[in-house]
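Colleague: The following comprises the amino acid sequence and a computationally predicted model.
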There are 2 protein chains.
Amino acid sequence: MSLLVVGSVALDSVETPFGIKEDVLGGSAAFFATAASFFTPVQMLAVVGEDFPQAHLDFLRSRSVDISGVSQEKGRTFRWKGRYGWQLNEAETLDTQLNVFQSFAPKLSELHRDAQYVMLGNIHPELQAQVVDQVKAPKLVAADTMNFWINGSRAELIKTLARVNLLFVNDTEARQLSGEHNILRAARAILAMGPERLVIKRGEYGALLVEKDQVFACPAMPLADVFDPTGAGDTFAGGFMAMLATAKQVDSDVLRRAMVMGSVMASFAVEKFSLERLKEISRADLHARFSEFKRLTHFDDLPMLDA
Amino acid sequence: MSLLVVGSVALDSVETPFGIKEDVLGGSAAFFATAASFFTPVQMLAVVGEDFPQAHLDFLRSRSVDISGVSQEKGRTFRWKGRYGWQLNEAETLDTQLNVFQSFAPKLSELHRDAQYVMLGNIHPELQAQVVDQVKAPKLVAADTMNFWINGSRAELIKTLARVNLLFVNDTEARQLSGEHNILRAARAILAMGPERLVIKRGEYGALLVEKDQVFACPAMPLADVFDPTGAGDTFAGGFMAMLATAKQVDSDVLRRAMVMGSVMASFAVEKFSLERLKEISRADLHARFSEFKRLTHFDDLPMLDA
């Protein structure tokens, strides 16, 4: 099934306690597409500048990513610079240069308008809505967002949410968006805004999938070495959406497996800078770690006791 | 199998955003024993003052708790006063009056020295060691501890840990004890101090069981109403240890089920003040919520894909 992602492609400069990398491939669409490409072809809609290295475009093409929707515009590529402390939970943004991304207006080709699974990366909610306008008959539209839009473009975001089937947020964003501290109440308040499903990412604590009548909790794989969390959420979404796009239908079982594959993908992504780790691994590695998640979470039924 | 708990019995005064309760039954041994008593008889070693209500002793006796080791001493009962904010994660201690607990020196009867499963509640590590000295041939000794002992009685704690098979700590304590921020590295450093197994409690995020060669992650049940977290950790330990004490042998499968039953027990405990909720429920309720944990965490294997 066709999977379309709209989002940023960036050149990231990242500082962690383990080192510094400058101008490496980043951006929500790049992380997402690379992760999803293990399982399904991906169509990418994004913008880069004149300075964007050809090698990165070649890499995406080598992953069967359709980059016909990635336009190269006059000016510099979107740049993000951030730093992580030992806690590795949240990045401190040191610098953001929107550059060509500032005037990004997603325009879908005829082919892309047929997309069945759509991922609206973390961009202005009005742009997200414009993408939904252009897609003809999607089976599922998912969106990501962030505190910047929740606080600064709340009305537009609420409008977009009404047109979205699934939302990815982290726990802080869920609380900000809903005004509820309790995470389950926060989730239910967000479901009432439109999405039928909500994924709440909790960093090292894992992720929750909340539907109207059930909750699924997937822990994160405890890792002794977390190197660079940049892109963990986007690779999660990429693994997740690839599972949906390759399934016969989207039901609760598929969504649960998608949560685990998202967690698998993120657990690899954080092991090295940028997309370095994802470039090294194979689908067999993903399957092996999926099995590790089984061992991490599996428990037997209680033996019969007199109740 | 005989299960002995040594710890505090207290009169708690608790303030949460949902109300205030004064002088209610609390203390690590009281929470632990009540939780464990759903599945197995418990022997309790503790001290209370002259002011301790007979009704609480009657209650414990009604749960088949052997309180022959609970001595009533001249003076007042241990009192703890605490407050929780909306986050409900950590209590702010407003007042601690050790009272008769100050001179607590656990002395085991001949019967109690035969105990096979021993829970060393959160008391001075030297007192914990004295209990281990007195037990003849325990199958498994578990201990709880806290930042107060980690920082203030580190040498004694390290000595006690070398004699303990399983340790319960929360994530902050694990980091303090080990000096490692990464939770897996922290766990491994603590295992190197003696215990073969470590349970790391993470509040609303669940708990981890770390053994030498495997990790098990159990999420907490997302609850829309968390009323009073006091005693959550002790009821967790009570449900956990009861599963071990009633199993034919302690293996990895039993430990995993114990983690879930601990989580089940804690999920009930926080729904009302003190032991109120645990007093209402039956073993059937525990089994039903155990099944809910299955639904919360279960996922199927991946369908076959070409690797």
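Modeller: Looks like it arrived, so ask away.

Colleague: Show me where chain A has its helices.
Modeller: A:28-36, A:54-62, A:110-113, A:125-134, A:147-152, A:154-161, A:171-178, A:183-191, A:232-245, A:252-269, A:276-280, A:283-297 (DSSP state H).

Colleague: Export the ones you listed as JSON lines, with columns for distance to B:Thr93 and mean neighbour count.
Modeller: The way it works is simple: take the backbone N, C-alpha and C, and place the C-beta from them, glycine included. Output for the helices of chain A, formatted as JSON lines (distance: least, Cβ to Cβ, whole Å; neighbours: other Cβ atoms under 10 Å in any protein chain shown):
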{"stretch": "helix A:28-36", "distance to B:Thr93": "44", "mean neighbour count": "31"}
{"stretch": "helix A:54-62", "distance to B:Thr93": "54", "mean neighbour count": "14"}
{"stretch": "helix A:110-113", "distance to B:Thr93": "59", "mean neighbour count": "14"}
{"stretch": "helix A:125-134", "distance to B:Thr93": "44", "mean neighbour count": "19"}
{"stretch": "helix A:147-152", "distance to B:Thr93": "33", "mean neighbour count": "15"}
{"stretch": "helix A:154-161", "distance to B:Thr93": "39", "mean neighbour count": "17"}
{"stretch": "helix A:171-178", "distance to B:Thr93": "26", "mean neighbour count": "21"}
{"stretch": "helix A:183-191", "distance to B:Thr93": "25", "mean neighbour count": "20"}
{"stretch": "helix A:232-245", "distance to B:Thr93": "36", "mean neighbour count": "28"}
{"stretch": "helix A:252-269", "distance to B:Thr93": "36", "mean neighbour count": "24"}
{"stretch": "helix A:276-280", "distance to B:Thr93": "44", "mean neighbour count": "16"}
{"stretch": "helix A:283-297", "distance to B:Thr93": "34", "mean neighbour count": "16"}
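
Colleague: Let me see the contact set for the nearest residue to A:Lys107 once chain neighbours are set aside.
Modeller: The shortest distance from A:Lys107 to any non-neighbouring residue, by Cβ to Cβ, 6 or more residues apart in numbering or on different chains, is to A:Gln134 (7.6 Å). By Cβ atoms under 8 Å, 6 or more residues apart in numbering or on different chains, the contact list for A:Gln134 reads A:106-108, A:112-113.

Colleague: distance between the ends of stretch A:241-252?
Modeller: For stretch A:241-252, the first and last residues are 14 Å from each other (Cα to Cα, to the nearest Å).

Colleague: model confidence over that stretch, on average?
Modeller: What stretch A:241-252 shows for mean pLDDT is 95.

Colleague: Contacts for that stretch, please.
Modeller: A:1-3, A:5, A:32, A:35-40, A:116-117, A:119, A:139-140, A:142, A:211, A:214, A:216, A:254-255, A:257-258, A:261-262, B:305.

Colleague: From the chain's centroid, how far away is it?
Modeller: With Cα atoms, centre = their mean, to the nearest Å as the basis, stretch A:241-252 stands 16 Å off its chain's centre.

Colleague: ok and the residue in the stretch 1-150 of chain A nearest chain B?
Modeller: A:Trp86 (5.2 Å; Cβ to the nearest Cβ).

Colleague: can you list the contacts of A:Gln134 in a markdown table and add pLDDT?
Modeller: Formatted as a markdown table, the contacts of A:Gln134 follow (pLDDT from 0 to 100):
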| residue | pLDDT |
| --- | --- |
| A:Pro106 | 95 |
| A:Lys107 | 96 |
| A:Leu108 | 97 |
| A:His112 | 98 |
| A:Arg113 | 98 |
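
Colleague: Widest-spaced pair of these?
Modeller: With distance counted by Cβ to Cβ, no two of the contacts of A:Gln134 lie farther apart than A:Pro106 and A:Arg113, which are 11.3 Å apart.

Colleague: out of the contacts of A:Gln134, who's nearest B:Asn170?
Modeller: A:Pro106 (45.8 Å).

Colleague: How about the contacts made by the residue of the stretch 51-200 of chain A found nearest chain B?
Modeller: At 4.4 Å from chain B, A:Leu184 is the closest residue in the stretch 51-200 of chain A, using Cβ to the nearest Cβ. Listed by Cβ under 8 Å, 6+ apart, the contact set of A:Leu184 reads A:210, A:215, B:222-224.

Colleague: okay, the residue nearest to A:Lys107: pLDDT?
Modeller: A:Gln134 is given a pLDDT of 98.

Colleague: who touches the nearest residue to A:Pro41 once chain neighbours are set aside in this structure?
Modeller: Among residues not flanking A:Pro41 along the chain, A:Ser64 sits closest, at 4.9 Å (Cβ to Cβ, 6+ apart). Residues in contact with A:Ser64 (Cβ under 8 Å, 6+ apart) are A:37, A:41-42.

Colleague: 10 Å instead, please
Modeller: When contacts are counted by Cβ atoms under 10 Å, 6 or more residues apart in numbering or on different chains, A:Ser64 touches A:33, A:37, A:40-42.

Colleague: Which pLDDT value belongs to it?
Modeller: A:Ser64 is given a pLDDT of 93.

Colleague: That one and A:Phe39: what is the separation?
Modeller: Using Cβ to Cβ, to the nearest Å, A:Ser64 is found at 10 Å from A:Phe39.
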